[in-house]
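Trainee: Sharing a model that was predicted from the sequence below.
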Amino acid sequence: MYGAIIIGACPTGTTTAKTLAENDMNVLVVERMKLPRNKSCSGMLIKKTVDLVKKYFGEIVPDSVKCIPYDNCGMFFTDKNGKEFVFKQDALNVWRSKFDYWLIEKAIATGVDLRDETSALSCKLKDDYVEVTLHSDEEYSVQAKYVVDCEGAVSSFKQIISRKKQEHITTFQTFNNGMIDLDPHYFYAFLQPELSEYDAWFNVKDEMLVLGVAVKDSTKIPFYYNKFIQYMVSTHKLKITKEIKKEQWVMPYIRNDFQIDYGQGRVFYAGEVAEFLNPMGEGISSGIESGYSIAQAIISHFSNPDAVLTDYIKRTEELKAYMERQWNLVDRMISN
């Protein structure tokens with residue numbers, strides 16, 4: 001029997017698993033995709049994330065996972081009225097496939113058992129453990145004292161066990177060769193309602209121009225994406241010479257009245273699936289923080305699931321407050 005089963009080999013899951021394994025716990029990580037795997041994401045590691053990686057993984061982010069330009073200087077926000085704000089903050093530009101795989105390798109080195117191309121289908125709560133049904137080449141069951149779901153917005157596991165459908169935002173972005181009159185060392189977010197149903201964005205990765213939109217209704221992607229491209233052509237002299245690739249993903253639809261779902265019993269949630277995510281979609285730092293917090297709560301109260309929940313909530317109070325401050329900032333920008 002495992003001490004804990006972690007669902008999702010993302011930064012959240014990897015942090016949770018590594019922290020538990022370093023405290024002599026037998027840990028299994030299951031990942032439904034084959035590793036290394038792509039994750040549609042800006043790949044901007046804000047300073048907070050970089051510091052957390054160094055703190056919990058003991059190393060700085062290596063150049064091998066970065067893309068050009070390595071360094072990001074901050075973010076430009078354009079509010080609903082077209083007014084521009086700049087927030088200067090050092091960040092790193094990475095490929096999520098490489099960054100996430102580097103992290104899971106660090107966890108494996110501490111003794112974590114990894115099974116990729118393996119899906120968590122369901123679980124049964126027993127008196128003092130959880131039985132989880134997994135599927136890879138065949139269906140089988142494993143047991144653990146605790147389960148931590150870190151799969152993010154794509155998690156079907158949470159929907160199955162909670163029977164609650166999570167609201168999603170669909171993200172769509174393209175990678176292009178071309179030219180534009182924006183500084184590649186910044187990430188740009190556009191909040192004008194005519195350009196998306198949530199936000200639109202631009203950044204540069206390995207000299208490719210990344211342009212994307214987020215929508216509530218995925219059928220509206222072509223409409224809003226074309227509107228955004230037209231806006232970027234007229235406002236920032238965008239010229240696309242070749243589309244290299246495109247990708248579509250989902251993220252939780254987080255509102256300013258968000259309610260964190262910590263889990264209960266012996267099944268807990270961390271990262272996006274718990275709704276730890278700031279309003280602009282930056283979830284790596286909050287994922288790492290919440291993953292470390294639930295791991296420490298389990299370590300501290302291994303024999304008492306109720307105490308684990310209480311401790312987890314307490315350990316993430318400041319993280320929740322940070323998210324609320326971020327929401328207040330965005331709300332002010334949108335309402336002005």
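Mentor: Done, it's in.

Trainee: which residues touch stretch 312-328?
Mentor: 256, 258, 260, 262, 268, 276-280, 286, 289-290, 293-294, 296-297 (C-beta atoms under 8 Å, 6 or more residues apart in numbering). Bear in mind the C-beta positions are built from the backbone N, C-alpha and C, glycine included.

Trainee: State the pLDDT value of the residue nearest the centre of the chain.
Mentor: Nearest to the geometric centre of the chain sits residue 283, at 4.1 Å (C-alpha atoms, centre = their mean). Residue 283 carries a pLDDT score of 89 in this model.

Trainee: And for residue 163?
Mentor: So residue 163 comes in at 64 (pLDDT).

Trainee: Now the helix or strand where residue 291 lies: buried residues?
Mentor: In the assignment (DSSP states H and E), residue 291 maps to helix 284-300. By 16 or more other C-beta atoms under 10 Å, the buried positions in helix 284-300 come out as 284-299.

Trainee: for that helix, packing partners?
Mentor: helix 11-21, strand 44-46, helix 47-57, strand 139-149, helix 305-315, helix 317-335 (3 or more C-beta pairs under 8 Å, 6 or more residues apart in numbering; DSSP states H and E).

Trainee: Residue 70 is nearest to which of the ones you listed?
Mentor: strand 44-46 (10.7 Å; C-beta to C-beta).

Trainee: quick one: strands adjacent to that closest one?
Mentor: Strand 44-46 has its sheet partners listed here by DSSP bridges as strand 84-94 (antiparallel).

Trainee: Quick one: mean pLDDT for the partner strand?
Mentor: 94.

Trainee: what angle sits between that strand and helix 284-300?
Mentor: 60 degrees (axes from the mean of the first three to the mean of the last three C-alpha atoms, to 10 degrees).

Trainee: Strand 84-94: which residues count as buried?
Mentor: 91, 92, 93, 94.

Trainee: Figure out the helix or strand that the closest residue to the first one other than its chain neighbours lives in.
Mentor: What it means is residue 91. Using C-beta to C-beta, 6 or more residues apart in numbering and skipping the chain neighbours, the partner closest in space to residue 91 is residue 72 (3.9 Å). Remark: residue 72 resides in strand 66-78, with elements defined by DSSP H and E.

Trainee: got it, and residue 197?
Mentor: Here residue 197 is assigned to no helix or strand, by DSSP H and E.

Trainee: for it, what are its contacts?
Mentor: Residue 197 neighbours (C-beta under 8 Å, 6+ apart): 169, 214, 215, 216, 217, 220, 224.

Trainee: Check these for burial and list the buried ones.
Mentor: Here, 16+ other C-beta under 10 Å leaves 169, 214, 215, 220, 224 buried among the contacts of residue 197.
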